[in-house]
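S.K.: next comes the sequence, and after it the predicted model I'd like to discuss.
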Amino acid sequence: MAHLTENPADKERFICIYPIYINSKKTLAEGRRIPTEKAVENPSCAEIRDVLTAAGLNVYVENKMHPREWNRDVQFRGRVRVQVKQTDGSFCQDKFTSRKDVMFYVAEMIPKLKTRTQKVGGGDPSSQQGEGGKKSKKKKK
């Protein structure tokens, strides 16, 4: 079978970021890929997408699950694909030269999102999960 030359700008060549990679609630064995102190508590695909879109990267979300994510809830569903390289193989942005760069950046920026800063002032993490549950039920109907 003839194989076409790989084009880094193809959607298939975008890197994958699952929320589990930057989730401080997960262990390395459960799929976390960055240190706990830099990770975020239960990040969502929407938050990852918002942060990377604001950074000017080409991003889209897929309705996929990480194989080690046992919770099938809508809140934990999704995979974000990010374009890191352009057609000629050069990086879209110099500050993102690897998957780790992208993950560290996302984990650093998510706590600064308006949705996060408002919720953090409002109370404990258990109330956040309640809100997430309500949202996911609306999507199912």
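M.R.: Thanks, I have it.
S.K.: can we go C-alpha only for contacts and neighbour counts from here?
M.R.: OK.
S.K.: now residue 102, nearest residue through space, not along the chain?
M.R.: Using C-alpha to C-alpha, 6 or more residues apart in numbering and skipping the chain neighbours, the partner closest in space to residue 102 is residue 96 (5.8 Å).
S.K.: you'd agree the one you found is in a helix?
M.R.: No - read with DSSP: H, G, I helix; E, B strand; the rest coil, residue 96 is coil and lies in no helix.
S.K.: how about the helices in the chain?
M.R.: 45-54, 99-109, 114-122, 125-140 (DSSP state H).
S.K.: lowest average confidence across those helices, which one?
M.R.: Per-stretch mean pLDDT for those is lowest at helix 125-140 (a mean of 42).
S.K.: is it true that residue 86 touches residue 93?
M.R.: No - if you go by C-alpha atoms under 8 Å, residue 86 and residue 93 don't touch, sitting 9.4 Å apart.
S.K.: tell me the pLDDT at the closest residue to residue 61 other than its chain neighbours?
M.R.: Leaving aside its sequence neighbours, residue 61 sits nearest to residue 80 (C-alpha to C-alpha, 6+ apart; 4.5 Å). We note a pLDDT of 95 for residue 80 in this prediction.
S.K.: separation between residue 80 and residue 45?
M.R.: 6 Å (C-alpha to C-alpha, to the nearest Å).
S.K.: what's the overlap in contacts for these two?
M.R.: Taking C-alpha atoms under 8 Å, 6 or more residues apart in numbering as the contact rule, residue 80 and residue 45 both touch 18, 61.
S.K.: what is the end-to-end distance of stretch 82-99?
M.R.: For stretch 82-99, the separation between the terminal residues is 9 Å (C-alpha to C-alpha).
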